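A.B. asks: The following comprises the amino acid sequence and a computationally predicted model.
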Amino acid sequence: MKITSAEFVKSAVDSSQYPDSPLPEVAFVGRSNVGKSSLINALVGRKGLAKTSNTPGRTRLVNFFVINKALSFVDLPGYGYAKVPLSVKKGWQAMVDGYLEGRHNLRLVVMILDIRREPSEHDDMLIEWLRSRRIATVFVLTKADKFSRGRVTVARRQIGEHLGVPHDDLLPFSAKTRSGTNEIWRAIETACFPAA
Ligand code: GDP
């Protein structure tokens, strides 16, 4: 997809603040520091569009972007910092569940995993939850540049087996080399514009 525009729309704490948009929406989820901001920025070719917060537990907002005036990207807060208090974890859960459950124009969830790590318990829980609600999901295995091609193939198979998802739904990606960008865009376009 050729990117002609990518704009930040707003940050929201709860559903009352979500933009009332008819555009098809793609949500990005993953544990903190997995590379979510880097992925979003690479997909749209804008370095600073999605910003990282280095303070665990601080980024508790749902951020909305509009791409090419044709679809929306939603950056959901990262999870998984062990040090975050339970009250904050519950807040995360409520915010993410609230978004994922109630958003009628949601077409695809892009779940980001580190290709070098086995999915965490929290990853597993979220995937199970998405599955139970039949929300279309693709899995991006990021930081693929850290592995040789052979190890990428092995990790893809192992993570696929762990998650019980078909090989085709696991997309290796590197924000460093941009490899995998076209495949991810293809998945997004298929989900957002099925007739195209
Ligand atoms: P976020 O917290 O999930 O938004 O993660 P960031 O996008 O801020 O990335 C966390 C760290 O991982 C940063 O130091 C990035 O430079 C690094 N990173 C992200 N994606 C990649 C990648 O594909 N390859 C490599 N080598 N590093 C990456």
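C.D. replies: Cool, got the structure.
A.B. asks: which residue packs closest to D75, ignoring adjacent ones?
C.D. replies: Using Cβ to Cβ, 6 or more residues apart in numbering and skipping the chain neighbours, the partner closest in space to D75 is N63 (4.2 Å). Just so you know, the C-beta spots here come from the backbone N, C-alpha and C atoms, and that holds for glycine as well.
A.B. asks: Which residues does the lengthiest helix in the chain contact?
C.D. replies: Ranked by residue count, the top helix of the chain under DSSP state H comes out as helix 86-102. Residues outside helix 86-102 that contact it (Cβ atoms under 8 Å, 6 or more residues apart in numbering): 13-15, 18, 27, 29, 57, 60, 62, 74, 76-77, 79, 84, 106, 109, 126, 129-130, 133, 135.
A.B. asks: Narrow those to those in strands?
C.D. replies: Cross-referencing the contacts of helix 86-102 against strands under DSSP state E gives 27, 29, 62, 74, 106, 109.
A.B. asks: need the residues of this protein near the ligand, please.
C.D. replies: By Cβ under 6 Å from any ligand atom, the residues of the chain that approach the ligand are 30, 32-38, 52, 78, 142-143, 145-146, 174-176.
A.B. asks: Now list the buried members of those residues.
C.D. replies: Those of these that meet the buried threshold are 30, 32, 34-38, 78, 142-143, 145, 174-175, by 16 or more other Cβ atoms under 10 Å.
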